[in-house]
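>>> prediction below, plus the sequence it came from.
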Amino acid sequence: MISPLLHDDPHTVGPFRILARLGGGGMGTVYLARSAGGRTVAVKTLHTRLASDTTLRTRFRLETDAARVIGSGHGAAVVDADPQAPVPWLATEYVLGPPLDAAVEAGGPLPEPAVRALGASLAAGLEQLHRSEVVHRDLKPSNILVTAQGPRIIDFGIARAFGDEHLTSVGSAMGTPAFMSPEQAAGLEHAAAGDVFALAGVLVFAATGLGPFGGGAPTDLLYRVRFGEPDLGGVPEPLRPLLVRCLAKDPAHRPSTTELCTALGDAGGAPGDRGGFADLLPDAVLREIARRSDEVWREPPHRLPPPVPAEAPRAEAAPVPGVSRRRLLYVAGGALLGGGILGGGGWALLGGSGDEEGGAKKKDAVDRPKPPTQMWSAAMWCPDSGGEVMRVGRNLAMRAGIVLCGINAESGETTWQANVAETWRSATEDARVYALRGHKEKAASLALCEVSQTNGELGKPLVELSSFAGKEQYSQLLCVADGIAYLVARSASGKRWYLIAADLESGKERWRRQVEGPQAEGLPPALCGTVVGSRVVLCGSPRTDSKFIRLSAYDKAHGRQLWELSETFEGAPPSRLVTDDRNLYLGAEHLTARRLSDGELEWLFGTGRDVGDSAGEERRYGAPVVHDGVVYCVEADRGLIAVDAASGTLNWQEKGLSGRKNTRDVAPAIGKRYAYCADDKGLRAIDLRARQAVWTYETEPLFLTADAEGGRLYVRQEKRTVALPLA
């Protein structure tokens, strides 16, 4: 993924001009670069602060040697390198193709012929490494690039020679838990047979979208790798016997890479023949390869400017008069309740409003944009949670007190009302609104109906599940995606709760999985849930006094649990999940990104940062929002920050903010020109180029919703909803 350079990234490395970032981590950064002759390369550098570490420099040199060994046939050809430079670097050919995990995310599990061809080629590449007495030690989907000509193995950062224990001693386990060998997980010698074990895990992932030992916490994974049996349920039957041998706990019982090449090539063509590899790939993967091929020749993104430190307040800036307000943080609904408000709100410019000496207006005030007027305002009671405005075709739906309302997007008029008392019993998809039948009705079975957008009545059940309790108040409609409804409900015969997928077209249940029931009075079993790609992701309901949330993910097709974990979480828990196609983002003590694939931490932002005085506040980082590859959230009372979603590095931070208390449980809303944030003085608009607030709207926002399609910003207050132009 190509992202902009940071202000302190180098302009050149060796003879190469640096164009953009490709990725980074704790050890170094990978850049997109170009030679004077026009050759495009990937340049990996060791972080400057680590360059004096002799062990890391040696490891970098070994990575360079391993990359030379595997060459261009099965890896990325080394173009140039200087492991002895003050900052060591390695330049390889730029491989046109996504990592295997991104390819599976784009096109789903690979068909059996593609898995065989993939495995035969990877086995041949490992065989080439092993002949030179080098083991990879970290073979995993993200270290395999899928090209039209075949897979390429990359990232030899922890590769080493056979028997070399100088860099990794017995008792230490380096690698990725989900794809480690049992001996590696135990901190023992990882030889060539260990790479075979990892290769089998990669092939299981390619065939099913899941690793052989599931996901979850690293300690749980390491235990299952060492002592558990692999799950090969979704693997094509002809491949299972071979993969069972590869995944043997005893390295002596695993086949060699030579045997693998033969076994995988027998049914899929000669292992060295990769001319038809592209013909075996799903169309979505080929489109992703083409997109990346096109992307590399586009104009590189502009280098990001240096972050501007927070400025002291300007002496001439008069404070904006505030209004008396009460604030109550109510954890039970995961919401922030506002008190008295001004009906439509009022606009107030930040910065001086008086005249300079001699009557001339301050240039600062003249240059600031004039605030817009509200487009409409509607009396609408906002619920404790689930108060986001939802687009339904050309109009809107929003939850208001004990009803669900349809709203004309142009005028703000209410067009229908549905009797759906609990916010967790309704959901939308495209131009349709769905709700669970009222729990006080006589029918005993659980029923899901479409809401009429003419009169608000619930139609005939699209799905009726007789084995689940229709009168259960806390049955929950999480979401509807691609015609499949995802619900959490209690069985009619007992107290067990289940996550259910139901087909709206056929009316039939697709699958169910048992989940934990409600943990607190007044809360449904899950605070929120969503579908991202091939996964259903849930945020579990804590007790009202808890300091954690429970996150879990399930395979959308079959309901198999992929991973589950508990996350320490200070403050009101989220009422919606913030995701892109790769990560889940949370703001609390830190701003974090967790991978949707396995729940593991992708990056953590905020360690060691001075965020000012947060006395009395439970969380330092507010509810985030992700927009165009950037995660936005407020950082204590220092203002808005923008963090790169891929790497977790700071792009910029708001400047000039002082004397305000950010409302951390209200996520920002992002437009093309402004970011909108809630604080104790109202709603402020932050210019995305100037990176400072330019006006304030006096109100007490509980929810902000940016509607890019309609060009509006919806501000939900306690008793009123206001529509403003989204700029």
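Alright, I've got the coordinates.
>>> in the protein, which residue is most central in space?
Asn583 (1.7 Å; CA atoms, centre = their mean).
>>> residues touching that one, list them.
Going by CB atoms under 8 Å, 6 or more residues apart in numbering, Asn583 touches Ala593, Arg594, Arg595, Leu596, Glu602, Ala645. Every C-beta, even on glycine, is put in place using the N, C-alpha and C of the backbone.
>>> swap in Glu413?
Going by CB under 8 Å, 6+ apart, Glu413 touches Ala378, Ile407.
>>> what about the strands in the stretch 151-300 of the chain?
Residue ranges of the strands in the stretch 151-300 of the chain, as given by DSSP state E, counting those that start in this stretch, are 160-161.
>>> in it, which ranges drop under the pLDDT threshold?
157-175, 266-275 (pLDDT under 70).
>>> one more: the stretch 451-600 of the chain?
519-523, 541-546, 571.
>>> mind doing that once more with 90?
Low-confidence segments of the stretch 451-600 of the chain (pLDDT under 90): 465-476, 489-497, 514-528, 539-550, 565-576, 588-589.
>>> ok, the nearest residue to Gly483 once chain neighbours are set aside - how many residues close by?
Spatial nearest neighbour of Gly483, excluding adjacent residues (CB to CB, 6 or more residues apart in numbering): Leu504 at 5.1 Å. Leu504 has 18 neighbouring residues, counting by other CB atoms under 10 Å.
>>> surely Leu504 meets Gly459?
No. At 11.9 Å, Leu504 does not count as touching Gly459 under the criterion of CB atoms under 8 Å.
>>> okay, now Thr258: neighbour count?
Burial of Thr258 is recorded as 13 neighbouring residues (other CB under 10 Å).
>>> doesn't Gln128 make contact with it?
No. Under the criterion of CB under 8 Å, Thr258 makes no contact with Gln128, lying 11.2 Å away.
>>> confirm Ser658 sits in a helix?
No. Going by DSSP: H, G, I helix; E, B strand; the rest coil, the assignment for Ser658 is coil, not a helix.
>>> how far away is the nearest residue to Asp580 once chain neighbours are set aside from Pro151?
Closest residue in space to Asp580, ignoring its immediate chain neighbours: Val626 at 5.2 Å, by CB to CB, 6+ apart. Going from Val626 to Pro151 by CB to CB, to the nearest Å gives 30 Å.
>>> look at those two and report which has more neighbours.
Pro151 (26 against 20).
>>> so the more buried one touches Gly119, yeah?
No. Assessed by CB under 8 Å, Pro151 is found out of contact with Gly119, at 9.1 Å.
>>> may I have whichever strand or helix holds Ala106 as CSV, with CA atoms only?
According to DSSP states H and E, Ala106 maps onto helix 100-107. What follows is helix 100-107, C-alpha atoms only, in CSV (Å, rounded to 0.1, in the frame of the first residue of the first chain):
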residue,chain,number,x,y,z
LEU,A,100,-1.3,-13.4,-0.1
ASP,A,101,-3.5,-12.3,2.8
ALA,A,102,-4.7,-9.2,0.8
ALA,A,103,-5.3,-11.5,-2.3
VAL,A,104,-7.5,-13.8,-0.3
GLU,A,105,-9.3,-10.8,1.2
ALA,A,106,-10.0,-9.5,-2.3
GLY,A,107,-11.0,-12.7,-4.0
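>>> so which residues make contact with it?
By CB under 8 Å, 6+ apart, helix 100-107 touches 97-98, 110, 118, 141-142, 144-146, 151, 202, 205-206, 209, 281-285, 287-288, 533-534, 581-582, 597.
>>> what residues are up against the nearest residue to Gly639 once chain neighbours are set aside?
With CB to CB, 6+ apart as the criterion, Gly639 has its nearest non-adjacent residue at 3.2 Å, and that residue is Glu654. The contact partners of Glu654, by CB under 8 Å, 6+ apart, come to Ala310, Arg638, Gly639, Leu640, Ile641, Ile686, Arg691, Gln692, Ala693.
>>> hmm, 10 Å instead?
308, 310, 632, 634-635, 638-642, 662, 675, 677, 684, 686-687, 690-693 (CB atoms under 10 Å, 6 or more residues apart in numbering).
>>> cool, and Ile402?
Applying CB under 10 Å, 6+ apart, we find Ile402 in contact with Trp381, Pro383, Gln417, Asn419, Val420, Ala421, Glu422, Thr423.
>>> so for those, which is the shakiest by pLDDT?
pLDDT across the contacts of Ile402 is at its lowest for Ala421, which sits at 71.
>>> that one reaches Gly401, doesn't it?
Yes. Here Ala421 reaches Gly401: they are 8.7 Å apart, a contact under CB atoms under 10 Å.
>>> outline the domain layout of this protein.
Structural domains assigned to the chain are 96-295, 308-380+581-727, 389-515, following automatic domain parsing.
>>> hmm, back to that, now, which of the contacts of Ile402 sits nearest Cys528?
Nearest to Cys528 among the contacts of Ile402 is Thr423, at 10.5 Å by CB to CB.
>>> okay, now that closest one: neighbour count?
Using other CB under 10 Å: Thr423 sits among 22 other residues.
>>> so it sits against Ser385, correct?
Yes. Between Thr423 and Ser385 there is a contact at 6.1 Å, judged by CB under 10 Å.
>>> OK, contacts around the residue nearest to Pro574 when sequence neighbours are not counted?
Spatially, and ignoring its direct neighbours in sequence, Pro574 is nearest to Cys539 (5.9 Å; CB to CB, 6+ apart). Listed by CB under 10 Å, 6+ apart, the contact set of Cys539 reads 334, 526-530, 549-552, 567, 569, 573-577, 584, 586.
>>> hang on, Cys539 in a helix?
No. Assessed by three-state DSSP, Cys539 does not belong to a helix; its assignment is strand.
>>> show me what it is bridged to.
For Cys539, the beta-bridge partners are Cys528, Leu551 (DSSP bridges).
>>> any idea how far it is from Val531?
13 Å.
>>> give the buried residues for the helix or strand where Leu118 lies.
Assigned by DSSP H and E, Leu118 falls within helix 112-131. Using 16 or more other CB atoms under 10 Å as the test for burial, helix 112-131 gives 112-130.
>>> same thing with stretch 548-565?
549-557, 559-565.
>>> out of these, who's nearest Gly406?
Out of these, the member with the shortest distance to Gly406 (by CB to CB) is Lys556, at 28.9 Å.
>>> can you name every helix or strand that the longest strand seen in the chain contacts?
Of all the segments of type strand in the chain, defined by DSSP state E, the longest one is strand 458-469. With contacts defined as 3 or more CB pairs under 10 Å, 6 or more residues apart in numbering; DSSP states H and E, the packing partners of strand 458-469 are strand 432-436, strand 445-451, strand 484-490, strand 497-503, strand 509-515.
>>> centre of the chain to the shortest one, how far?
If I follow you right, that is strand 432-436. 27 Å (CA atoms, centre = their mean, to the nearest Å).
>>> go on, the third one?
Once both centres are worked out by CA atoms, centre = their mean, strand 484-490 turns out to sit 23 Å from its chain's centre.
>>> separation between Arg513 and Tyr486?
Distance, Arg513 to Tyr486, by CB to CB: 11 Å.
>>> ok, Glu570 next?
Between Glu570 and Tyr486 the distance is 28 Å, computed by CB to CB.
>>> neighbour-wise, which of these two wins?
Tyr486 (25 against 15).
>>> that one reaches Tyr498, doesn't it?
No. Between Tyr486 and Tyr498 there is no contact, the gap being 11.1 Å when judged by CB under 10 Å.
>>> and for those two, which residues touch both?
Gly559.
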